[in-house]
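Engineer: Got a sequence here, can you build the structure:
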Amino acid sequence: MDLGLTKQVAVITGPAKGMGAAVTRAFAAEGCRLVLIGRDVAAIEPVAQEVRAAGGEAIIVPCDITDGKACNAAVVEAKAAFGGRIDILVNVAGGSGPIGKTGWETSEEEFDEIVDLNMRGCFNTMRACMPTMIEQRAGKIVNVGGTFGMRGRAGRMAYSASKWGLRGITKSFALEAGPYGININCVAPGMVDGPRFRGKVVPEMASRLGISEEAAVEKHAADYALKRVSTDEDVANACLFLASDVSRQITGVDLPVDGGWAML
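Structural biologist: Residues are numbered from 1 along each chain as shown. Now for the predicted structure:
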């Protein structure tokens, strides 16, 4: 399906691996001109080379998204490279914070670090892109949140708080930006099949329950209505949908990509 994204300028944060790399490939396949931003340029380069090898356009802009001035400078560089436009922003970059700690065991430093990355980072990039989108009277912003920002989770208080906060940022920005023709939404992945799931979550469950790793995968999937674990590509496709005019009348929503867990 042609989503009408050819030649649109898409800024993607956290594009080096996992969901970020899948989002990058998906937007490249739709013909977007990509601005890939992050701190680790060397880690991003293989993904950018893959896009270019397939005939796509991609530049890398070094940027620490927790630094507002760096985000402003990244947008200036992006506009200089691609004709002065910013059509799409996809905020994938984020962290997981402390795992297995209660709220009272979580340190101030741990709390501040994950809130700074997951909330302030998205705020900074959105704030940097908004003047251009307002001037254009058009734009799409997709923030990647998480289902623990829709349901509380023991042992993940700091992460859950940061993703709940991101939902509030998304909804308030959506109300403020709507009159300018700008759509702002949030995609909320559940557990995603990948290195962390296979290398950490599954072995821990298998060890704790005394079952095989394959049985642990099946047990995990059994929690979902669709009885399967999401993939990076599932998340990327949801981002594409919300970044295109197919979803032109949707703004301020939280779209769970979790096989039916958070909302059921």
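
Engineer: Endpoint to endpoint, stretch 241-254 covers what distance?
Structural biologist: The stretch stretch 241-254 measures 13 Å between its terminal residues, going by CA to CA, to the nearest Å.

Engineer: List the buried residues for that stretch?
Structural biologist: Residues of stretch 241-254 classed as buried: 241, 242, 243, 244, 247, 251, 252, 253, 254 (neighbour count, 16 or more other CB atoms under 10 Å). Any C-beta I mention is one placed from the backbone N, CA and C, and that applies to glycine too.

Engineer: Compute the distance between the second one and residue 89, please.
Structural biologist: When distance is defined by CB to CB, to the nearest Å, residue 242 is 11 Å away from residue 89.

Engineer: which residues are common contacts for these two?
Structural biologist: 140, 142 (CB atoms under 8 Å, 6 or more residues apart in numbering).

Engineer: mind listing the strands for the protein?
Structural biologist: Secondary structure of the chain by DSSP state E: the strands cover 9-13, 33-38, 57-62, 88-91, 139-144, 182-189, 254-257.

Engineer: Contacts for the last one next, please.
Structural biologist: By CB under 8 Å, 6+ apart, the list of residues contacting strand 254-257 from outside reads 145, 147, 149-150, 167, 170, 185-190, 230, 234-235, 238, 242, 262-263.

Engineer: Out of these, list just those in helices.
Structural biologist: Those of the contacts of strand 254-257 mapping onto helices are 167, 170, 234, 235, 238, 242, per DSSP state H.

Engineer: Let's see if you can find the most crowded of those residues.
Structural biologist: Counting neighbours by other CB atoms under 10 Å, residue 235 comes out on top of those with 26 neighbours.

Engineer: That one and residue 30, how far apart?
Structural biologist: Applying CB to CB, the value for residue 235 to residue 30 is 15 Å.

Engineer: repeat for residue 67
Structural biologist: Distance from residue 67 to residue 30, by CB to CB: 30 Å.

Engineer: In terms of neighbours, single out the busier of the two.
Structural biologist: residue 30 (19 against 15).

Engineer: which one is that one nearest to, not counting chain neighbours?
Structural biologist: Among residues not flanking residue 30 along the chain, residue 5 sits closest, at 4.2 Å (CB to CB, 6 or more residues apart in numbering).
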